[in-house]
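> My questions are about this predicted structure, shown below with the sequence.
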Amino acid sequence: MSRLDRYIFRAAALPFLLILACTTAVAWLTQVLQRLDIIVDDGGSFLAFLKITVLLIPSLAGVVTPIALLAACLYVLNVLMVDSEIPVMRAAGASRLRIARPLIVLSVLAAGLVLWINADLQPRTYKELRQTVYDVRSNIASSLVRDRVFANVAPGVTFYAEDVRPGDQYVGLHIYDSRDPEREVTYTAENGLFTVTDLGPRLFLLRGTAQWQDKETGKLNIVRFNDTFVDVSEISSEAPTDRPWETEERYLSELLNPDLNRPYNQRFQGDYLAEFHGRLATPLYCIAFALIAALAMLSATTQRRGYGQRIMVASAVAGGIRIIGFLTRSVATDNSWANVLQYAIPGIAIVVVAIALLNPSRTQEPRGLQGAPA
């Protein structure tokens, strides 16, 4: 890269990173508020809550990166125009495409970032997110059980412990299990331990009794035990691998070639295909938006009134193209032919704007700048 390229690239890269961080943070805060139930309802720890919200950042960054790039390009070009640096570059013989070249390089790097997020980071973090939520909601020690408080840890299961100790250990247990109307059991135990097994959450009891009344004779049966367990799998959602992966949790290969032996995958095959092409097409918007910003600002003449109108027009055009892209993504769910349009919309924008940038500018620089030395 030449000195001019490096100068413009550095001038645009820092605002891009700052705007990307700010817009991602704003979007992240909206998601944080929606995840407060992890602490309020499920009793998760702050670290678990923080991990869950942090895992949302990559997918949010993938969505806002094209927008942040557009804002950064418009900002830096506006500054260069106001400071009369671009008119000097033009007077020295630099074409519009030559000035826009470092911005195109930055857009290609941003497109690579979005592609990496869509292809690998997003599904990886979403799968980890599902596992973390499952772990939180499976832990009755942190979510439901308190010292000397009766708690309904599962439908039909009431739990009481004299002392709750670290490591999901309990002392002085009383459990009432009414899930089976024919055999409502009351357990008492000296100690208990909660753990998640391959078969689901289990509460192991040590040294206690199980009592239930025979419905036919009315006789009270009492059985002493050294160890037993109570199935409390109802307190948690299905294990991460028990239900199909959601669309955003799948890698590209899983979207393109789902297991059609599963009815769920057959039903949502159109969604998977649309998501697959949507993830690959999204990076193209980075290049399209950078070119739109370059065309809008580099076609302007030097003026003291500013370039607010051009910035608004460029933003509106870019926003309209992106909205059409989202609508096309929705249409492609039920119409596979629309997947071609997911590439065509940003692709046509890139070609049209690039041709416009290649054409000689019809604008004229102020006379005082014409013929300025390089």
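Everything's here; your move.
> so who does the spatially most distant residue from the centre of the chain touch?
Taking CA atoms, centre = their mean, the residue of the chain most remote from its mean C-alpha position is residue 217, at 58.9 Å. Counting by CB atoms under 8 Å, 6 or more residues apart in numbering, residue 217 touches no other residue. C-betas here are computed from N, CA, C, even on glycine.
> what about residue 209, neighbour count?
13 (other CB atoms under 10 Å).
> Dig out what it forms beta bridges with.
residue 188, residue 224 (DSSP bridges).
> Name the spans of this protein whose pLDDT lies under the cut-off.
Scanning the chain with the threshold set as pLDDT under 70 gives 34-46, 135-145, 198-200, 233-244, 302-306, 360-374.
> The spatially most central residue of the chain sits in which helix or strand?
Closest to where the C-alpha atoms of the chain average out (CA atoms, centre = their mean) is residue 59, at 2.9 Å. Counting by DSSP states H and E, the element that carries residue 59 is helix 57-82.
> ok, and for that helix, which residues are buried?
57-78, 80-81 (16 or more other CB atoms under 10 Å).
> Kindly report the same for stretch 10-22.
11, 12, 13, 15, 16, 19, 20.
> Just to be sure, the residue farthest from the centre of the chain is in a helix?
No. Counting by DSSP: H, G, I helix; E, B strand; the rest coil, residue 217 is located in no helix; its state is coil.
> three-state assignment of residue 196?
strand.
> Could you do residue 161 as well?
strand.
> just checking, it touches residue 173?
Yes. Using CB atoms under 8 Å, residue 161 makes contact with residue 173 at a distance of 5.5 Å.
> Of the two, which one has the most company?
residue 161 (24 against 21).
> Near the spatially closest residue to the more buried one that is not a sequence neighbour, how many residues? Count them for me, please.
Among residues not flanking residue 161 along the chain, residue 170 sits closest, at 4.1 Å (CB to CB, 6 or more residues apart in numbering). Neighbour count for residue 170, taken as other CB under 10 Å: 26.
> Just confirm residue 170 is within a strand.
Yes. Judged by three-state DSSP, residue 170 forms part of a strand.
> returning to what we had before: same for the helix holding residue 59, what does it pack against?
Packing contacts for helix 57-82, counted by 3 or more CB pairs under 8 Å, 6 or more residues apart in numbering; DSSP states H and E, involve helix 3-34, helix 85-91, helix 96-116, helix 122-138, helix 269-298, helix 308-332.
> Return the most buried member of these.
helix 269-298 (a mean of 23; mean count of other CB atoms under 10 Å).
> Could you check how far it is from the centre of its chain?
Centroid separation between helix 269-298 and its chain, computed with CA atoms, centre = their mean, to the nearest Å, is 17 Å.
> so what secondary structure elements neighbour that helix?
helix 57-82, helix 96-116, helix 252-256, helix 308-332, helix 339-358.
> Turn those into a markdown table, including distance to residue 245.
Listed next are the helices and strands packed on helix 269-298 as a markdown table, based on distance: least, CB to CB, whole Å:
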| stretch | distance to residue 245 |
| --- | --- |
| helix 57-82 | 15 |
| helix 96-116 | 20 |
| helix 252-256 | 7 |
| helix 308-332 | 19 |
| helix 339-358 | 21 |
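> nearest to residue 278, of those helices?
Closest approach to residue 278 among those is made by helix 308-332 (4.7 Å; CB to CB).
> Could you give the separation of that closest one from the chain centroid?
21 Å.
> Next: stretch 173-182.
Using CA atoms, centre = their mean, the distance between the centre of stretch 173-182 and that of its chain works out at 41 Å.
> Dump that stretch to CSV, restricted to CA.
This file holds the C-alpha atoms of stretch 173-182, laid out as CSV (Å, rounded to 0.1, in the frame of the first residue of the first chain):
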residue,chain,number,x,y,z
LEU,A,173,-33.9,-33.7,53.7
HIS,A,174,-37.7,-33.9,53.4
ILE,A,175,-39.1,-34.7,50.0
TYR,A,176,-42.8,-35.1,49.0
ASP,A,177,-43.3,-36.8,45.6
SER,A,178,-46.9,-36.8,44.3
ARG,A,179,-46.3,-37.4,40.7
ASP,A,180,-47.8,-40.8,40.8
PRO,A,181,-51.3,-40.5,42.3
GLU,A,182,-51.3,-44.2,43.1
